[in-house]
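> Below are the sequence and a predicted model for it; my questions follow.
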Amino acid sequence: MCGIAAILNFNSEQIGQRLIQKMTNAMAHRGPNADGFFLEPGIALGHRRLSIIDLSNAANQPFSDNSDRYRIIFNGEMYNYAEVKEMITGYEFRTTSDTEVLIAAYSKWGADCIRYFRGMFTFIIWDRIDKEIFIARDRMGVKPLYYFVNEEFLIVASEVRAILSTGMVEKRLNPRGLREYFTFQSVSFPFSLIQGIEQLKAGSWMKVRNGKIVKQVYWDVTAQKIDFDFSDYQNTKTRIRELLLQSVKRRLVSDVPVGAFLSGGIDSSIVVGLMSEAGKGTPNTFNISFDEKEFDESYYAELVAKKFKTHHTTIKLKPSNFLDELIHALDAMDTPSGDGINTYVVSKAIRRNGMIVALSGIGGDELFAGYPYFEQYLQMHKKSWLWKLPKPIRKVSACGAGDRKERVGQLLASDGPSISNAYPVFRQILSPKLMKELTNLEYSNPTSVQQELTNHRDALANLPLLSQVSAAEYMGYTQHTLLKDADQMSMAVSLELREPFFDNDLVEFVLAIPDELKKPSYPKSLLVESVKPLLPQELVFRKKQGFLFPWNIWMKNELRTFCNDQIDRISKRSFIHGEALKHYWQSFLAGQPGIRWTEIWLFVVLEYWLEKNEIS
């Protein structure tokens, strides 16, 4: 896990080390163990290293292949590097690192090497002979990659702040990125909040040569074909378990100790149970405990830790610790998010206890229909006759109150109950109506998430209904909020997170499972039944808790002055209807029904980020 940076000058002019070092310094938190540079006319590569596989200096980057033709900088882990290494003949390896396997694979197969890789990665390879740069991102988008290009140069980095540190990109807000942020609490592919800085699409690569760019998608979550007989329920469960165990085993590859978040919930407990089964030594597990019973899950975490005989550490925190760490967490955000504070606090606590690598159970809900809107989507399709009614009658049919009524109205006003229509409404924070009231941003055109779903409409329609929701989750919240926050908040404290539920082999299989097998009879029943008797029954059937802290109350009390200051300042910005926003804030403080704290929080976080990064 590292930070990577590159500058390519299309006129082959020399780039000073000071400039590329500014970029790596801006990402020092991503790699505290070493930094390195490679410069020759037209190209500068920079790297910050967090040492996890082959801890020797010989594995530091930028790294050269044996022929000295290629230079690589790499962020992430290739979990199956030992298997890929056995496939590469005629190459004399100098290290035991996955980095060298990656560059050797590229020298043998070129861009086609990616099909052999299983892991989380972004990497940049410079071809010194053809003067070509190759850039790739992992299938699931676990590792971020941003770039800026104009007629003179290309700048690429793991973080937006690294690109901005060069002073070569104007700090100008992107209205389309703002619209994405206010709608979904994060910025979706291909945009960022800065005009001209884009995200490389997950599951794709890009080549740049002589100023010409070629892009290609090598993996698409909606386009996978699985040859399996799902009529045999037992075999289906067996295969799920095999793939889960394979995924966990892959993520235990490390030359430093590996820990695990153990919340006491189903997903993290399965990960810990399979870690124990994988036989790589006694797992190190960590649970965040609270005196307040409404937050505390330590009893269930201790049940699991005792069952699997883990080295278990309970870290006692108070909800106020999250308030104490708030500014540090906001400072850690490379790109603003309405979520992620919890991940920062938990990651920091585990890092202080000596861990550099930790497994996380995130992703289980998205893959195994763990959220309420999976069932809501099934119910929509049972009532598909509603969309055959004239639109005026459909509008009258919208029931509920406040935000719920507006969402139902949006769904009924669409052309049908497809996932491309439903998912953006399920996940939106600010509705189009509220965005119109509080901002002057354009809101009538499709968001990039809506556009992506529309572009994949036919492929999505071929998936089972529950898998349509999972695929949409991957293309939306999962990729752009959940995984992005997991990366930026853990790497802010130099902790590498690994997420077994986002293994692409597992994802491809589970998305092919028919609804009649996946539809939960109790929470995530297919997942639980597949690993039986791994989990204690007491854990499976308890009420779900989680980090549901009282931000609604804090914003009206402990955080009131902080929020009020941010609201006042952002109200003066040209894209905000200032008086309307301040009135909405006052209505929230007065307890007016229907105003969610998340809606206000988006403005607070954004203003803090804009000021910190001096964005005008």
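Here it is on my side, so go on. Residues are numbered from 1 along each chain as shown.

> So Y608 sits against L330, correct?
Yes. In this structure, Y608 is within contact of L330 by C-beta atoms under 8 Å, at 5.1 Å. (Glycine included, C-beta is placed from N, CA and C.)

> Which strands and helices lie in contact with the helix or strand that contains R71?
Using DSSP states H and E, R71 sits within strand 70-78. Applying 3 or more C-beta pairs under 8 Å, 6 or more residues apart in numbering; DSSP states H and E, one finds that strand 70-78 makes contact with strand 2-9, strand 43-49, strand 63-64, helix 98-109, strand 119-127.

> quick one, what contacts the closest residue to R498 other than its chain neighbours?
For R498, ignoring the flanking residues on the chain, the nearest one in space by C-beta to C-beta, 6 or more residues apart in numbering is R251 at 4.1 Å. The contact partners of R251, by C-beta atoms under 8 Å, 6 or more residues apart in numbering, come to Y79, V258, L359, R498, E499, P500.

> out of the residues you listed, who's nearest D365?
Comparing the contacts of R251 against D365 with C-beta to C-beta picks out E499 as the nearest, at 12.3 Å.

> tell me the contacts of Y443?
Contact analysis of Y443 by C-beta under 8 Å, 6+ apart lists R179, P432, M435, K436.

> Give me the most central residue, this protein.
In the chain, the centroid-proximal residue (C-alpha atoms, centre = their mean) is L483; its distance is 1.4 Å.

> quick one, what contacts K201?
With C-beta under 8 Å, 6+ apart, K201 has these contacts: R137, F189, P190, K215, V217.

> how about 7 Å then?
By C-beta atoms under 7 Å, 6 or more residues apart in numbering, the contact set of K201 is F189, P190, V217.

> Please, a ChimeraX command that selects the buried ones among those?
Of these, the buried ones can be selected in ChimeraX as follows, counting by 16 or more other C-beta atoms under 10 Å:
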select :189
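
> hmm, back to that, please tabulate the helices and strands packed on strand 70-78 in JSON lines, including the columns mean pLDDT.
Output for the helices and strands packed on strand 70-78, formatted as JSON lines (pLDDT from 0 to 100):
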{"stretch": "strand 2-9", "mean pLDDT": "96"}
{"stretch": "strand 43-49", "mean pLDDT": "97"}
{"stretch": "strand 63-64", "mean pLDDT": "96"}
{"stretch": "helix 98-109", "mean pLDDT": "97"}
{"stretch": "strand 119-127", "mean pLDDT": "98"}
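
> Indicate which one of the ones you listed is closest to Q195.
Evaluated over those, closeness to Q195 peaks at strand 2-9, with 19.0 Å, by C-beta to C-beta.

> for the record, mean pLDDT for the next helix or strand along the chain from the closest one?
On the C-terminal side of strand 2-9, the closest following helix or strand by DSSP H and E is helix 17-25. Mean pLDDT, computed over helix 17-25, is 97.

> so how far is the helix or strand encompassing G409 off the chain centroid?
Element membership for G409 (DSSP H and E) is helix 402-413. Centroid separation for helix 402-413 versus its chain: 28 Å, with C-alpha atoms, centre = their mean, to the nearest Å.

> chain center to the following helix or strand past it, what's the gap?
Sequence-wise, the next helix or strand downstream of helix 402-413 (DSSP H and E) is helix 419-427. Distance, stretch centre to chain centre, for helix 419-427: 19 Å (C-alpha atoms, centre = their mean).

> Next: stretch 540-560.
When distances are taken as C-alpha atoms, centre = their mean, stretch 540-560 is centred 22 Å away from the chain's centroid.

> Format the CA atom coordinates belonging to it as PDB.
Extracted in PDB, the C-alpha atoms of stretch 540-560 (Å, rounded to 0.1, in the frame of the first residue of the first chain):
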ATOM      1  CA  VAL A 540     -26.800 -14.500  13.900                       C
ATOM      2  CA  PHE A 541     -30.200 -13.700  15.200                       C
ATOM      3  CA  ARG A 542     -29.500 -10.700  17.300                       C
ATOM      4  CA  LYS A 543     -30.600  -7.200  16.500                       C
ATOM      5  CA  LYS A 544     -28.200  -5.300  14.200                       C
ATOM      6  CA  GLN A 545     -26.400  -2.400  15.800                       C
ATOM      7  CA  GLY A 546     -23.400  -0.600  14.300                       C
ATOM      8  CA  PHE A 547     -21.900   2.900  14.400                       C
ATOM      9  CA  LEU A 548     -25.100   4.900  14.500                       C
ATOM     10  CA  PHE A 549     -23.900   7.800  16.600                       C
ATOM     11  CA  PRO A 550     -26.100  10.700  17.400                       C
ATOM     12  CA  TRP A 551     -24.700  13.200  14.900                       C
ATOM     13  CA  ASN A 552     -28.200  14.700  14.800                       C
ATOM     14  CA  ILE A 553     -27.900  15.600  18.500                       C
ATOM     15  CA  TRP A 554     -24.200  16.600  18.300                       C
ATOM     16  CA  MET A 555     -24.800  19.100  15.500                       C
ATOM     17  CA  LYS A 556     -27.400  20.800  17.600                       C
ATOM     18  CA  ASN A 557     -25.100  20.900  20.700                       C
ATOM     19  CA  GLU A 558     -21.400  20.100  20.800                       C
ATOM     20  CA  LEU A 559     -20.900  20.800  17.100                       C
ATOM     21  CA  ARG A 560     -23.300  23.600  16.800                       C
END
